[in-house]
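Trainee: Let me see the structure of the following:
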Amino acid sequence: MLEYVPYFRDKIFAVHVERPLVDSGELVDALLDLDVLQEIGVRPVLIVEGADASALYEHTRVCEMRSALVEAPLKGGQLVRERVREILGRHQIPVVASGRSGSFDPESVHMAFSLGASKYIALLNDHKVPSLDGRPIAAILESEVAELAGNVTHRELLDQAAEACRAGIPRVHLLDGKMRGVLVEELFSEEGVGTMVHTDSYREIRPLKEEDIPELLSMIARSVVDSKLVNRNYEDIAARIDSYYVLTLDDSIVGCVAVYPYPEHHSAELGCLYIKHRHEGRGYGRALCEFAKRKAEEMGMEFIFALSQSAVHYFRDRMHYAEFSRDSLPPERLRTLELSGRKSGVFGLRLK
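Mentor: Alright, predicted model coming up:
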């Protein structure tokens, strides 16, 4: 949790509350979470669906929050937005009504954009968090929403969230407002508990940096102990740092892969493939394998291979790598494999 504090400090979060949630007991949890967010430097703005924010404001007073009521709804225009900005400037939480129905009315989205909000958080009633083919959608790029195929629930909300991103808000969160602790669980974990639609690099694969090496070593330590990965030390990785890549979620490392080139043999090795245990089963391993394949192709390689004695089914059955004899390896790689005494199989793909 502490790692997120500097990242969130001084950021504006617009939090929209559906009207039926105002009188629910679960809303108190969300308000207390907002109070904590304000304590660590977040600048929340509370918006409630409909024409009157007084009931929500009274709840914030009961929770002893530093809040102030905006008497007119947002549909009042520029003067109301200026009042919101004034309250924010004196380190209070503005509580304002949208004056409209729905979670993504134009006035609420426009106000969030005009304030420079980094997040627009929709607290929804009746468990309206989207899913795809029965599985929650944890995060999705705004540009990918329209391309979703399959059984998508609450499609209209997803489309509205994507539209809010296109209006200039980097991240939009769709959350179950009746889930206790939903704000903390969503904002202070890498995967969250709702759906985030985003325009920025929430998930990316980037080159390993030297300051990442201790974290990478710590991350792969269990697999090294279990003999699933080759033992590596700081110096080993630093010497070949240009070959290593990490997959990050919100700048936190959750996986890694290495691409070792053998240019004289037009081959590349996919190595050090690892995903943190709590992030398994989400397609990140496949994403890293596909990334490694593209890297090998960019290098002009004709063959990519992986050596494994514990991930045979993964490479053969899921990634559709063919099994090859050891004679297919570059001679220098074959020598080091034989010296290691490992019983690894060879799995590879011919590249175009």
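
Trainee: name the element Glu269 belongs to?
Mentor: strand 267-275 (DSSP states H and E).

Trainee: Please point out which parts of that strand sit buried.
Mentor: Under the neighbour-count criterion of 16 or more other C-beta atoms under 10 Å, strand 267-275 has Ser267, Ala268, Glu269, Leu270, Gly271, Cys272, Leu273, Tyr274, Ile275 buried. C-betas here are computed from N, CA, C, even on glycine.

Trainee: Check the gap between the fifth one and Arg318 for me.
Mentor: Counting by C-beta to C-beta, to the nearest Å, the gap from Gly271 to Arg318 is 18 Å.

Trainee: can you check the fourth one too?
Mentor: Counting by C-beta to C-beta, the gap from Leu270 to Arg318 is 14 Å.

Trainee: shared neighbours of the two, anything?
Mentor: Counting by C-beta atoms under 8 Å, 6 or more residues apart in numbering, Leu270 and Arg318 have no common neighbour.

Trainee: Now do the same contact list for Gly134.
Mentor: Asn151 are the contacts of Gly134 under C-beta under 8 Å, 6+ apart.

Trainee: Quick one, grab the pLDDT at it.
Mentor: Here the pLDDT value assigned to Gly134 is 86.

Trainee: that older thread, ok, the buried residues of strand 267-275 vs Leu88, which is closest?
Mentor: Ile275 (40.1 Å; C-beta to C-beta).

Trainee: So Pro73 sits against Ser98, correct?
Mentor: Yes: taking contacts as C-beta atoms under 8 Å, Pro73 lies within contact range of Ser98: 6.2 Å.

Trainee: So those two - more neighbours on which side?
Mentor: More neighbours surround Ser98 than the other of Pro73 and Ser98, with 26 against 21 (other C-beta atoms under 10 Å).

Trainee: Quickly find the element holding Phe221.
Mentor: For the record, residue 221 is Ala, not Phe. Applying DSSP H and E as the criterion places Ala221 in helix 213-225.

Trainee: CA atoms only for that helix, dumped as PDB, please.
Mentor: This file holds the C-alpha atoms of helix 213-225, laid out as PDB (Å, rounded to 0.1, in the frame of the first residue of the first chain):
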ATOM      1  CA  ILE A 213      17.700  -6.400 -10.500                       C
ATOM      2  CA  PRO A 214      17.200  -6.900  -6.700                       C
ATOM      3  CA  GLU A 215      13.400  -7.100  -7.100                       C
ATOM      4  CA  LEU A 216      13.800  -9.600 -10.000                       C
ATOM      5  CA  LEU A 217      16.100 -11.800  -8.000                       C
ATOM      6  CA  SER A 218      13.700 -11.800  -5.100                       C
ATOM      7  CA  MET A 219      10.800 -12.500  -7.400                       C
ATOM      8  CA  ILE A 220      12.300 -15.600  -9.100                       C
ATOM      9  CA  ALA A 221      14.000 -17.000  -5.900                       C
ATOM     10  CA  ARG A 222      11.300 -19.600  -5.200                       C
ATOM     11  CA  SER A 223      11.500 -21.100  -8.700                       C
ATOM     12  CA  VAL A 224      15.300 -21.200  -8.500                       C
ATOM     13  CA  VAL A 225      15.100 -23.100  -5.200                       C
END
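
Trainee: Give me the contacts around it.
Mentor: Residues from elsewhere that reach helix 213-225 (C-beta under 8 Å, 6+ apart): 208, 229-234, 237-238, 241, 244, 246, 253, 256, 272, 274, 276-277.

Trainee: What is the longest helix seen in the chain packed up against?
Mentor: Counting residues, the longest helix found in the chain (DSSP state H) is helix 284-298. Here helix 284-298 touches strand 203-207, strand 244-249, strand 252-262, strand 267-275, strand 303-308, going by 3 or more C-beta pairs under 8 Å, 6 or more residues apart in numbering; DSSP states H and E.

Trainee: I'd like the distance from whichever helix or strand comes after the last one to the chain centre, please.
Mentor: Towards the C-terminus, the helix or strand next in line after strand 303-308, according to DSSP H and E, is helix 312-313. Distance, stretch centre to chain centre, for helix 312-313: 28 Å (C-alpha atoms, centre = their mean, to the nearest Å).

Trainee: Start at 7, not 1
Mentor: With 7 as the first residue, the last one maps to helix 318-319.

Trainee: Check the average confidence over helix 318-319, would you?
Mentor: 88.

Trainee: For it, give me every contacting residue.
Mentor: So helix 318-319 is contacted by Gly351, Phe353 (C-beta under 8 Å, 6+ apart).

Trainee: Could you measure from Ser273 over to Leu313?
Mentor: Relative to Leu313, Ser273 is positioned 12 Å away (C-beta to C-beta).

Trainee: residues touching Arg339, list them.
Mentor: Applying C-beta under 8 Å, 6+ apart, the residues near Arg339 are Tyr268, Glu275.
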